[in-house]
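Trainee: no FASTA, just this:
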């Protein structure tokens, strides 16, 4: 692809501006490309990373840990919202069947968990399921568990 084409496609005023932008992105590692000074052509390459180095593994591990942390924070915030008296009151006053179903499903899930845990009073194998009942009108996504 020519630098002129790149400039036209991304709305830059000149091939030189496109070249400067591309060089910056190549240096950052955002893209992998080669620019020929002879003919003004850009050749885009695939990522040369083979994902088998210790450095890359640590990078991926760090990103996964950040995502897990973010998920935990979001879950905690959702739980705080669900028990917030203002939310409960507004959800109850809305009269929307969707809000009613969400509260019913939450209560049904809590009751199912409480029942499953209370019926397994002795040590040993426990099993049961947690999830909305089929009468809730929502998709049933049960989570089966087994523990000692």
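Mentor: Yep, that arrived. Here the structure is a predicted model, which means the values were calculated and not measured. Numbers count the residues shown, from 1 in each chain.
Trainee: quick check on residue 2: phi, psi?
Mentor: Residue 2 adopts backbone torsions of phi -80, psi 160, taken as degrees, to the nearest 10.
Trainee: might one say that it is in contact with residue 41?
Mentor: Yes. Counting by Cβ atoms under 8 Å, residue 2 touches residue 41, with 5.7 Å between them. Every C-beta, even on glycine, is put in place using the N, C-alpha and C of the backbone.
Trainee: helices of the protein, start to end?
Mentor: Remark: helices assigned in the chain by DSSP state H are 3-10, 15-28, 54-83, 85-94, 97-118.
Trainee: next, the angle from the fourth one to helix 54-83.
Mentor: For helix 85-94 and helix 54-83, the angle between their directions (axes from the mean of the first three to the mean of the last three Cα atoms, to 10 degrees) works out to 60 degrees.
Trainee: count the residues that sit near residue 41.
Mentor: A count of neighbours around residue 41, defined by other Cβ atoms under 10 Å, yields 15.
Trainee: what's the closest of the helices of the chain to residue 45?
Mentor: helix 15-28 (9.8 Å; Cβ to Cβ).
Trainee: before we move on, back to that, now render the helices of the chain as CSV, adding mean neighbour count.
Mentor: As requested, the helices of the chain are exported to CSV (neighbours: other Cβ atoms under 10 Å):
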stretch, mean neighbour count
helix 3-10, 15
helix 15-28, 15
helix 54-83, 10
helix 85-94, 11
helix 97-118, 14
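Trainee: setting aside sequence neighbours, what's the nearest residue to residue 21?
Mentor: Nearest residue to residue 21, sequence neighbours excluded (Cβ to Cβ, 6 or more residues apart in numbering): residue 12, at 6.6 Å.
Trainee: torsion angles phi and psi at residue 38?
Mentor: Per degrees, to the nearest 10, the backbone of residue 38 is at phi -70, psi -50.
Trainee: tell me the contacts of the spatially closest residue to residue 14 that is not a sequence neighbour?
Mentor: The shortest distance from residue 14 to any non-neighbouring residue, by Cβ to Cβ, 6+ apart, is to residue 7 (6.0 Å). Residues in contact with residue 7 (Cβ atoms under 8 Å, 6 or more residues apart in numbering) are 13-15, 17-18.
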